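Enquirer: here's my sequence, what's the structure:
(one chain, ligands or ions: 1)
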Amino acid sequence: MQNRTPDQDPAEMSHIFPRHSKLNAPVAVSGDGCYLIDKSGKRYLDGSGGAAVSCLGHGDRVVIDAIKAQLDTLAFAHTGFFTSEPAEELADLLIEHAPAGLDRVYLVSGGSEAAEAAIKLARQYFVEKGEPERGKLIARKQSYHGNTIGALSAGGNEWRRSQFGPLLLDVSHIDPCYEYRLREEGESLEDYGQRAAQALEDEILRLGPDTVMAFMAEPVVGATAGALVPAPGYFERIRAICDQYGVLLILDEVMCGMGRTGSLFACEQDGVVPDIVCIAKGLGAGYQPIGAMLCTAEIYETIAQGTGFFQHGHTYVGHPAAAAGGLAVVTALLERNLIPRVQTKGETLHERLVERFGQHPHVGDIRGRGLFRGIELVRDRESKAPFDPSQGIAGQIKKAAFEAGLICYPMSGTIDGRRGDHILLAPPFIIEDAQIDELIDKLDTAIASVL
Ligand code: PMP
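Expert: Numbering: from 1, shown residues only. Predicted structure coming up:
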């Protein structure tokens, strides 16, 4: 390997794709609880768990040892021939703790794969059911479901989609439930939630109810909107509309699931059970690449009694070492009682954010659930006018925070001409109050250096 020095021309530093060399990224060499450490010894507080991944923090010996033990016993057995003990145990554990009604598990290697599998499962379900005309998907603007072409088609992130149109799937996108920007003056939060959900019924009717297969949404929107929380009653109305028209509800909990918002499945707090749910990120907690899709017995049985099996699969689905990692992570979340901790530490984080930034002239909204918090940055608080996109404010703050030793996740997206600059915070569940203070101080330094 070449000997790389920090002052080398970034283009010469790395043979990995330009994005990495352009960032002039330091080399990460180790992890310690809530911190990552680079080759120079600099420590970074992981304020966003990477991208809401590292829920247990870094260097968790129990999880590492479980994966090592699995590798010592059995690294791989193709699911075309075998199942494996960790995959079976992980599926059992997920079903045991998932909302009642989600009875089957399909293990994959990440979030995009989970979203792809969900879309294909919905389609195959209707084909097997004798309703092949149901092929349309409805999703939401300002959402992200992954970077593979199907998941990208489902997502409503214009910036990520812009270079790949026309996309493969014909997906219509309704407005998200975005109280800060879309609630009208004088409208109660509950009324707004009902109005936002009504957009789904309107779209189903516009497309023709018998042609729609599924509605896909993130319960708490992550990467494209900085922890956007639904209005009370929104998802209950969405569920009722889906039921009324025989449309499947797919919830993408890749970012907000696995305890991140204070319940193992985020939808528990919205009182709904989807037909299909996608999880990833926190499931492997960064120790293994793993995701999963859970679905109802009705979907599974329809396919089982039809052609007999889900026409899908990647080589590494149900990978034993990945499953052992997922099993150890979910076991740790439950046995260490970390989910109630997410609620209390999440409240502390929120209080401190409000104390420090609540009156900031460029902070429009502070929102989120559990240890999943977002800050929406605005040029003008009164009018909620966003910054000029060319300024790349969120990106500048990310950079300044990184220099100060804090990892936070920025997002600058466009929705119908409205630009949103957000900072997403999703620290490990083991974060202590002193580290929350450190996070706030470093974020303050970063924001002050940019705005
Ligand atoms: N869905 C959501 C809600 C996500 O946030 C992400 C990743 N940011 C994905 C899907 C895609 O997951 P992955 O990057 O693991 O493919």
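Enquirer: mind checking which helix or strand the closest residue to E179 other than its chain neighbours is in?
Expert: By the measure of Cβ to Cβ, 6 or more residues apart in numbering, the closest residue to E179 outside its immediate chain neighbours is A231, 5.6 Å from it. Any C-beta I mention is one placed from the backbone N, CA and C, and that applies to glycine too. Counting by DSSP states H and E, A231 is held by no secondary-structure element, helix or strand.
Enquirer: from what I can see A231 touches R195, true?
Expert: No - using Cβ atoms under 8 Å, A231 and R195 do not qualify as a contacting pair, with a distance of 9.1 Å.
Enquirer: neighbour count winner among those two?
Expert: A231 (23 against 18; other Cβ atoms under 10 Å).
Enquirer: tell me the pLDDT of the residue of the stretch 1-150 of the chain found nearest the ligand.
Expert: With Cβ to the nearest ligand atom, the shortest gap between the stretch 1-150 of the chain and the ligand falls at G111, namely 2.1 Å. Here the pLDDT value assigned to G111 is 98.
Enquirer: if we can go back for a sec, between A231 and R195, which contacts overlap?
Expert: When contacts are counted by Cβ atoms under 8 Å, 6 or more residues apart in numbering, the set common to A231 and R195 is empty.
Enquirer: now L207: closest residue in space, sequence neighbours ignored.
Expert: According to Cβ to Cβ, 6+ apart, the nearest residue to L207 is K136 (5.5 Å).
Enquirer: the one you found: neighbouring residues, count only.
Expert: As a burial measure, K136 scores 19 neighbours (other Cβ under 10 Å).
Enquirer: wait, what's in contact with it?
Expert: Listed by Cβ under 8 Å, 6+ apart, the contact partners of K136 are D170, V171, S172, L207, T211, V212, M213.
Enquirer: for it, give the beta-bridge partners.
Expert: Assessed by DSSP bridges, K136 has beta-bridge partners V212.
Enquirer: spit out the contact partners of the residue of the stretch 1-150 of the chain closest to the ligand.
Expert: Counting by Cβ under 8 Å, 6+ apart, G111 makes contact with H145, G146, D252, V254, M255, C278, A280, K281, G291.
Enquirer: which two of these have the greatest separation?
Expert: Spanning the widest gap among the contacts of G111 are H145 and K281, at 12.9 Å by Cβ to Cβ.
Enquirer: give me the common contacts of those two.
Expert: For the pair H145 and K281, residues contacting each of them under the criterion Cβ under 8 Å, 6+ apart are G111, V254.
Enquirer: between the two, which one's more packed in?
Expert: Here H145 and K281 are set side by side on neighbour count (other Cβ under 10 Å), and the busier one is H145, at 31 against 28.
Enquirer: need the three-state assignment for the more buried one.
Expert: The three-state label for H145, taken from DSSP: H, G, I helix; E, B strand; the rest coil, comes out as coil.
Enquirer: ok so, going back, drop anything exposed from the contacts of K136.
Expert: Neighbour-count burial within the contacts of K136 applies to V171, S172, V212, M213; the criterion is 16 or more other Cβ atoms under 10 Å.
Enquirer: the second one contacts R140, correct?
Expert: No - here S172 lies out of contact with R140, judged by Cβ under 8 Å, at a distance of 9.8 Å.
Enquirer: chain center to whichever strand or helix holds G50, what's the gap?
Expert: Assigned by DSSP H and E, G50 belongs to helix 49-52. Here the centre of mass of C-alpha atoms in helix 49-52, compared against the chain's by Cα atoms, centre = their mean, to the nearest Å, lies 9 Å away.
Enquirer: next, the buried residues of it.
Expert: Along helix 49-52, these residues count as buried under the neighbour rule (16+ other Cβ under 10 Å): G49, A51, A52.
Enquirer: who are the neighbours in contact with the first one?
Expert: By Cβ under 8 Å, 6+ apart, the residues touching G49 are C55, G282, G286, A426, P427, P428.
Enquirer: nearest residue to the fourth one in space, please, no chain neighbours.
Expert: The one in question is A426. Closest residue in space to A426, ignoring its immediate chain neighbours: A52 at 3.9 Å, by Cβ to Cβ, 6+ apart.
Enquirer: how about that neighbour, what does it touch?
Expert: Counting by Cβ under 8 Å, 6+ apart, A52 has contacts G222, M255, C256, R260, K281, G282, F372, Y409, L424, A426.
Enquirer: on that earlier part again, farthest-separated two in the buried ones among the contacts of K136?
Expert: S172 and M213 (12.2 Å).
Enquirer: quickly list what's touching both of these two.
Expert: Among the neighbours of S172, those also in contact with M213 (Cβ under 8 Å, 6+ apart) are K136, L137.
Enquirer: on that earlier part again, quick one: which of the buried ones among the contacts of K136 is nearest to the ligand?
Expert: The ligand lies nearest to V171 out of those, by Cβ to the nearest ligand atom, at 14.4 Å.
Enquirer: bridging residues for the closest one?
Expert: V171 has the following beta-bridge partners by DSSP bridges: L137.
Enquirer: how close does it sit to L152?
Expert: From V171 over to L152 the distance is 10 Å, taken as Cβ to Cβ, to the nearest Å.
Enquirer: re the thing from before, tell me the two of the contacts of G49 that are most distant?
Expert: Set against one another by Cβ to Cβ, the contacts of G49 have their most distant pair in G286 and P427, with a gap of 13.0 Å.
Enquirer: more neighbours, those two?
Expert: Each of G286 and P427 has its neighbours counted (other Cβ under 10 Å); P427 has more, 28 against 23.
Enquirer: those strands in the stretch 51-200 of the chain, which residues are they?
Expert: 102-108, 136-140, 171-174 (DSSP state E, counting those that start in this stretch).
Enquirer: so which of those strands is nearest A401?
Expert: Proximity of these to A401 was assessed by Cβ to Cβ; the nearest stretch is strand 136-140, lying at 28.5 Å.
Enquirer: the closest one: how far from the chain's middle?
Expert: Relative to its chain's centre, strand 136-140 lies at 18 Å (Cα atoms, centre = their mean).
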